[in-house]
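Enquirer: Model the following, please.
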Amino acid sequence: MPATAAAAAMTVLAIVAQDHVALRATPATTSSSHAQLWQGELVEVRARHLGQLQVYDHRLERAGYIRDTQAYLVPADSREAPQMLSVLRFLRDTPGAEALGIAYASAYLKAVTPAEQTPEVYDALGAMAERLARGTKAAAGQAQAQAAHMDVATQYGVKFLSYTASGGAGDVVQLCYDGAAFRQVLAFDGRGDGPAASAEQRTRAVLALTRPECIDPALSPDARKAADQGNADLLDRIDTAAAGQLEESLRNRLHLRRAAVWASVAFDRSRFAQDAQPAAQRAVDELAATDRALLREGEWGDYADAAIRVGVVHWGAQAAAPATARLQIQLQPGEPGQTCVRLIDRFLKTSTALAEHCTYGIVWPASARAMPEGRALALNVEPIDGWGELWVWHQETDGWKLDVVAPESNGPGLGYVEWAGWSPAARGKVLVVREAKADGRIKRRFEVLRTDTLVAEKSARDPGQLAAFGLWADAGWKQASVSLR
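Expert: Residues are numbered from 1 along each chain as shown. Sure, this is the predicted structure:
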């Protein structure tokens, strides 16, 4: 084939560099627009005319003209790969330029040979795709651009997964990046001829691949248990030596993610009647290893989420207290998957239970705390992963009653409520702390409740503002609770 014919046969591609680019029917700027192009869009260039590019958009199946300053021509070979990599490094951390950055990453990977590929490009590609997925909750005025950028990203093979979870405020849709680029980063393990991913790159990859909110809520208990354990194993691929190379902020994020994941593992193991103590203790230890003084502004939300998850399961790390109180609980199996809790009075010479209640949730027996006078008992139960409720049995004139105190009325979601002490009054008071995530915000309240009605008589954000907490808060609770962090 003659050189001129070969050149003509080559397809010239261009990346649209801006949003809201008008695709016009003619080169004239006054010509009507019949489509709108977005940054990162890949178009075929068929001709140039008076500062205009005649292009064809295969995704939209539209032809037209755009200004030549609104697009970058994609290099036909690897000679310009270094320049593309420089642009990609800039776009990687530029909010709002994710679609354009993904286009550059794709063009770079096509321009170089597999042997020339590095983990840096996949690290950048994954970071931009994940940020694009997180940005779907942007302001209403940006919703159109976000949707368009996601459409552009899918043009390059980027896949997003959506999950629907039921909550107290209705169904919530969670969008997640499928993590393909981050798995490629982990594939650069130094065993072959290619470069090995750095400790920072591998850590960012495992953090992206282990987001708790990106686990399908419709998974069966067996599948969820496997997924949580798989995430825990993936996080442990960053060993002590590698973690020591990380900057403190990234190391903190690793500790927080491990705390959250091991809390879920503790829930899973308890649900399958396995020993949950090591997993619960690991969750507590990872949270404690976090250096709060070095948390950055955007990391406090992750810290609060991990602390809540640990707050739900930290009872699993503790051994049950010796049976010295008058009121005690006995656990017995019920229907398949059920645990039945029997409330007994050890001072009575009978095996008859004062009350009994069965649940499919996880009962944390070490949390049982009885009122010294024998008129009430509190117990923590985790019905679903990350949501801990407080059961309170209290004696009334017509017998024993059980009431359930939830972390937050608009649930279930992420939260816990726990016993903090008994206040000896005429009817008795119970001190509790509630902490929950609602509408993206963390709410924490210290309360004094009546044991007969469980109505809050006093409430404050700080326990120091409540005299009852100063006088009657339990010393063991102060030592173990994450609410006083």
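Enquirer: show me what contacts the nearest residue to G374 once chain neighbours are set aside?
Expert: Residue nearest to G374 in three dimensions, not counting chain neighbours: R326, with 4.0 Å by C-beta to C-beta, 6 or more residues apart in numbering. Every C-beta, even on glycine, is put in place using the N, C-alpha and C of the backbone. Under the criterion of C-beta atoms under 8 Å, 6 or more residues apart in numbering, the neighbours of R326 are D345, R346, F347, A370, G374.
Enquirer: got it, and I329?
Expert: Contacts were defined as C-beta under 8 Å, 6+ apart; by that measure I329 touches V341, R342, L343, I344, P365, A368, L377, L379.
Enquirer: Now the last one. Its backbone dihedrals?
Expert: The phi/psi pair for L379 (degrees, to the nearest 10) reads phi -150, psi 140.
Enquirer: State the pLDDT value of it.
Expert: According to the prediction, L379 has pLDDT 97.
Enquirer: On the strand side of things, show who it bridges to.
Expert: W391 (DSSP bridges).
Enquirer: can you check the third one too?
Expert: With DSSP bridges applied, L343 shows beta-bridge pairing to I329, A355.
Enquirer: And it, how close does it get to A353?
Expert: From L343 over to A353 the distance is 6 Å, taken as C-beta to C-beta, to the nearest Å.
Enquirer: Neighbour count for these two, which is higher?
Expert: A count of neighbours by other C-beta atoms under 10 Å puts L343 above the other of L343 and A353, at 22 against 17.
Enquirer: Pretty sure the more buried one sits against W393.
Expert: Yes. In this structure, L343 sits in contact with W393. The criterion is C-beta atoms under 8 Å, and the distance is 5.3 Å.
Enquirer: Could you list the low-pLDDT ranges of the chain?
Expert: Counting by pLDDT under 70, the ranges of the chain that qualify are 1-10, 136-141, 166-171, 321-322, 425-427.
Enquirer: Let me know the next secondary structure element after whichever helix in it runs longest.
Expert: Here the longest helix in the chain is taken by residue count, with DSSP state H as the criterion, and it is helix 248-271. Once the chain leaves helix 248-271, the next helix or strand it forms, by DSSP states H and E, is helix 277-288.
Enquirer: Hey, what's the angle from the longest helix of the chain to helix 277-288? Just curious.
Expert: Per axes from the mean of the first three to the mean of the last three C-alpha atoms, to 10 degrees, the angle that helix 248-271 makes with helix 277-288 is 160 degrees.
Enquirer: For helix 248-271, which residues meet the burial criterion?
Expert: Buried residues in helix 248-271, counted by 16 or more other C-beta atoms under 10 Å: 250-271.
Enquirer: so how far is stretch 312-321 from its chain's centroid?
Expert: Averaged C-alpha coordinates place stretch 312-321 at 24 Å from its chain's average position (C-alpha atoms, centre = their mean, to the nearest Å).
Enquirer: can you pull the buried residues of that stretch?
Expert: Under the neighbour-count criterion of 16+ other C-beta under 10 Å, stretch 312-321 has V312, V313, H314, W315, G316, A317, Q318 buried.
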